[in-house]
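> Output the structure for:
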Amino acid sequence: MVNAVDPDTSTTPSFNITAGRRIEIGKLAEVLGRLSDSAPQVVEIHGETGIGKTRLLDELARMAADHGMELVSGRAGEYERDVPFGMVTQALDRLAGREVDDETRLVLDALSPDLAAGLAGGAERYRLYRAVHRMATRFAKPPGLVVLLDDLHWADTASLELVEHLLQDMPRVPLLVAVAYRGHHVPPGLPGALARTRADVTRLAPGPFDADDVAELLPDATARRRRLLLAASGGNPLYLDALARVDDRTVAALADPDHADPDEMPRRLQALLMTELRSLDASRRLVAQAAAIAGDPADLDLVTSIADAPEDEVFKALDDLVALGVVHTAGSRFRFRHPLVRAAAYQSAGPAWRIGGHRRAEEYLRARGGPLPLRAHHLSRAARHGDDDVITTLAEAATAALDNAPAHAVEWARTALRLLPERAERRVEVLLLLARALGLTGRLEESREILHEVLEMSGPPRGVAVRFCAVVDRLLGRLDEARALLEAESGADQDERGRMLVELAATDLLRGDLVGCAANARRAVDAGPEDRGRLAAGTTLLGLAALHGAEVAAAREHLVDAVRLVDGLSDSELRDHLHVLPPLAWLELHLERYADSARHLGRGLAIARANGQTHVLPYLLIVDSAVQARTGRLTQARRRAEDARETSALIGSPETTAMANAIELRSALWQRGPEAALPLGSTRAKSRWWAEESDLFVTSVHLFADRPAQAVEHIAPHVGDDPKDVVGLHAVRWVGSLAIAKAHLGSLDEALDLSEHALLLAAAMDLPFQHGIAHLTRSRVLAECGQLPLSVDEASVAVRWFTEARAPLYRAMAHDFAAVALSAAGDLQRARVEFGKAKNGYAACEAGWLLTRVRNSESRLGARAPRPRRPDAVGTVDALSVREREIARLVADGLTNREIAARLFLSAKTVEAHLARMFTKLGVKSRVGVAQRLSGAESG
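Okay, here's the model as predicted:
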């Protein structure tokens, strides 16, 4: 009598059931296992609408069918609650067409519509219950009978009573009864029945999806979109599914906890949510709409004021809404079960009533001295044209929100501007406010257009407009325009001029003018009155100018002062100077103070995200990506770069998009290879600084792809006629890359000379990482010249420097090139050792392409010199091949076959085949035996 669950497709997400539900599915599998032992089982599944209760029943049905078990199912309906035994009849309906015994036929006839009504209220129902009990006992034959009952909260009273009777007296047969219901609609007799049942009871309360679940469900979505979808849906699978095809702007609006705009609700989602509200009577719906306007959570007195209804009616309606699960209490206030339910309640009200509700809310808050942002929220939806008090309130609220909630500042400033008369004196003030808010939220072109409108007017805010316009121009890659605008503004007061000098210094640095950067940074530091944020920015820029000029000692001195100033700022003070943190962290990165760099970036990201300063995020993420790459965390580096590119697109900044591409080049090369990395270098930043960063790694791409001629063409513009004249932070890299390219092209004497010069440049800077790069360059050139022992020696020196520099990927690279040289020299035993160290390093850094590359080199080495098996090696680790040893170590580390396959770029079946051979060679029968043999060999 198979009758699989028939889910309501309009409310069932299309996602893979296993995502986020592995624990629950595992428990269901355990239940079915116990059922096979003829132990009766009960599964209780409860949770909010859309959380996945029906999907779990579906999965239980599928697993039961795979076990050959009998299935029956019933599902209660909201509009069939007055039909006696409706759910039970549906569950047993499939029996009607089968050959059944007389008692079963009597039960089916008794449950027919004509007879069921009489049974539901009389004593005869108990005889029916006993008959159903006996029928279940007969049908529950091994491997088992599974009864699935969905939406039990809608079930008719007679069905509930029958189910409760069966649960209380479960026969000792392989019978499983699974029930699902909404968590806030517990069927009245169910808890008591479950407390008294002799069956094992498994309770499942599936919770919302988390970030990892959403990433698994939507692997092709950007990280930002996944975050927005998670915030907007609250992790509810049904709502997540409904939002999955909605554009980012709408999802972002719905993710805003203060947002309830009816224009933003997708139709499908609206239809799903309205099913929860349509059953409310007029009084409850009115109060739900008032609560939606009041905010989340909603104050009781404010809801009463907005509803404009008698207090006792509002209280009664709120109690009912709590009982129905539409809202729940949050201290003395009320909160909707889900933000989207609130949005649906808001949308269900008419627009005119909403405007009136917002006005009543604002009047209530104003009379009681309510918070300015909340008043502005209501005023922006109910304001009248030309109302000076309203305009003042909105402008004040926008100003207050500028640093911590710029998106709200945009809304309120735009509303104030719309309410202002065309020739009002305050127009320039509100325009500047709107332009700044737009810039802080990343709408750069719109911000710039308004700023230029402000610059055409006269007035005291001109200095602020000039400075902010220069920041916007930098984000748009218009460096020359930014510099000209700042240079022309000589009439600003001393304090404003000091801040403009910081902007000038930053612009000069990006343009590659180190002298101009240092001069303007020094003037900014010397300008008064004292402003610690300006001093920190100026000092940091002095340090960067020194670093890029290869004046490392001076850079270190400036860094000490800059760190002292920045760390002395509170978060609220630093919020106004967040632009100092990316260059500070960049300076710390290259002076190899990684912990400080990460600390400052983490602080900056937290402040920027908490305060909505989207325009600073790309810079912070880009530098963070560089720090992660240097310290060997390539996957994190790639993700930070992707986040930076995504945020750059969000704010419309082509410059930071190109910068993000430039920084991702390195992790893309090492993880995915030259062909995957090269497209990232196709769009160059307009700033000379970041164009050089990109070109450095495009050169590396060409060298790793064995295209030395293209590498030379790419290097030439950066080294000029005489490479030995190159100076600066990247001089070692440029000269070293040219030396390697020349060696590959056969110009060995020139390559040797250049590699020697790279060593001199590194010695002058005296930074461990620079030393490592120079010695690794020398090793590669010597190998091309056939001087293999010297090449190995230089690679060993590079290993020591990269170890001191805490640059694990580069250390692995030095082992890699040492192994290649040793292999070429015929020292195969030492080559294997070096290859092993390179592989371990690359694996730890998740450098997939480099790992595959070194394995291929090792395979060629193995082909040249196969190691004979010793007869006495059988049963020991010595019997294993190189690959088998590698797999054995991962088995010992606790990795599954699938995880090992992903780590080694193999198929799961290949890993299984290796394991089978390993069991034979080692004389063991399990993975535990492999781990024990390996542990014994290594400890011995």
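> Which secondary structure element comes immediately after the least confident helix or strand in the chain by mean pLDDT toward the C-terminus?
Least confident helix or strand, the chain: helix 113-120 with a mean of 52, by mean pLDDT, DSSP states H and E. Per DSSP states H and E, the first helix or strand lying C-terminal to helix 113-120 is helix 124-139.
> Could you list every helix and strand that that following helix packs against?
With contacts defined as 3 or more C-beta pairs under 8 Å, 6 or more residues apart in numbering; DSSP states H and E, helix 124-139 has these neighbours: helix 102-110, helix 113-120, strand 145-150, helix 157-168. (Glycine included, C-beta is placed from N, CA and C.)
> Mind jotting down where the strands sit in this protein?
41-47, 70-75, 145-150, 175-182, 200-204, 298-299, 327-330, 333-336 (DSSP state E).
> Please identify the deepest-packed of these.
Most buried of these by mean neighbour count (mean count of other C-beta atoms under 10 Å) is strand 145-150; its value is a mean of 26.
> Verify the contact between R366 and A376 for me.
No - R366 is beyond contact range of A376, at 11.1 Å (criterion: C-beta atoms under 8 Å).
> Show me which of the two is the more surrounded one.
Taking other C-beta atoms under 10 Å, R366 and A376 do not tie; A376 has more neighbours (27 against 14).
> what's the burial count for the residue lying closest to that one once chain neighbours are set aside?
Spatially, and ignoring its direct neighbours in sequence, A376 is nearest to A397 (3.4 Å; C-beta to C-beta, 6 or more residues apart in numbering). Residues within reach of A397, counting by other C-beta under 10 Å, total 27.
> which residues does A397 contact?
L372, P373, R375, A376, H408, A409, W412 (C-beta atoms under 8 Å, 6 or more residues apart in numbering).
> Could you check how far the closest residue to the fifth one other than its chain neighbours is from L417?
Once its chain neighbours are removed from consideration, H408 has its nearest residue in A401; the separation is 4.8 Å (C-beta to C-beta, 6+ apart). Distance check for A401 against L417: by C-beta to C-beta, to the nearest Å, it reads 15 Å.
> Look through the protein and report the residue furthest from the middle.
D102 (61.1 Å; C-alpha atoms, centre = their mean).
> measure that one to M135 for me?
Look at D102 and M135: by C-beta to C-beta, they are 11 Å apart.
> Pick out the residue nearest the middle of this structure.
Most central in the chain (C-alpha atoms, centre = their mean) works out to A223, at 4.4 Å.
> so what's that one up against?
R639, E642, D643, E646 are the contacts of A223 under C-beta under 8 Å, 6+ apart.
> same check, this time on L444
Under the criterion of C-beta under 8 Å, 6+ apart, the neighbours of L444 are L438, V472, L475, L476, H615, I651, G652, S653.
> and what of L420?
L420 touches I391, R426, R427, V430, counting by C-beta under 8 Å, 6+ apart.
> Equivalent analysis for H385, please.
H385 touches R418, L419, counting by C-beta under 8 Å, 6+ apart.
> before we move on, the earlier item: give me the distance between the residue nearest to A376 and H378.
11 Å.
> cool, and H771?
Distance from H771 to H378, by C-beta to C-beta: 63 Å.
> Tell me which of the two has more neighbours.
H378 (25 against 22).
> my guess is F769 meets R593, correct?
No - contact criterion C-beta under 8 Å: F769 and R593 do not qualify, at 11.9 Å.
> more neighbours, the two?
F769 (22 against 17).
> nearest spatial neighbour of the more buried one, skipping sequence neighbours?
Of all residues not flanking F769 in the chain, A805 sits nearest, at 4.0 Å (C-beta to C-beta, 6+ apart).
> Next up, the contacts around that neighbour.
Contacts of A805 (C-beta under 8 Å, 6+ apart): E592, L767, P768, F769, H771, G772.
> Pull up the per-residue confidence for the second one.
In this case it means L767. What the model reports for L767 is a pLDDT of 96.
> and what of the one 4 residues further on?
You'll see H771 listed with a pLDDT of 97.
> which residues touch it?
H771 touches A762, A763, W801, A805, counting by C-beta under 8 Å, 6+ apart.
> same thing with A892?
V930, A931, L934, S935.
> let's see it at 10 Å
Residues near A892 by C-beta atoms under 10 Å, 6 or more residues apart in numbering: R927, V928, V930, A931, Q932, R933, L934, S935, E938.
> ok, now L809?
Neighbours of L809 in contact, by C-beta under 10 Å, 6+ apart: 629-634, 637, 666-667, 670, 802, 841-842, 844-847, 850.
> Quick check, A825 in contact with L782.
No - applying C-beta atoms under 10 Å as the test, A825 and L782 come out as separate, 11.5 Å apart.
> Looking at the two, which one has more neighbours?
In this view A825 and L782 are compared by other C-beta under 10 Å, and L782 has more residues nearby, 24 against 16.
> To what extent is the nearest residue to the more buried one once chain neighbours are set aside buried, counted in neighbours?
Closest residue in space to L782, ignoring its immediate chain neighbours: S791 at 3.9 Å, by C-beta to C-beta, 6+ apart. If you count neighbours by other C-beta under 10 Å, S791 ends up with 25.
> how close does S791 sit to L444?
Distance of S791 to L444, computed by C-beta to C-beta: 50 Å.
> and what of N661?
18 Å.
> now swap in T392 and tell me
28 Å.
> Likewise for A818?
Distance, A818 to L444, using C-beta to C-beta: 49 Å.
> cool, and Y842?
In terms of C-beta to C-beta, Y842 sits 40 Å off from L444.
> next one: R224
17 Å.
> Over to R806?
37 Å.
> count of neighbours near the nearest residue to R645 once chain neighbours are set aside?
Of all residues not flanking R645 in the chain, A660 sits nearest, at 4.0 Å (C-beta to C-beta, 6+ apart). Number of residues near A660 (other C-beta under 10 Å) recorded here: 28.
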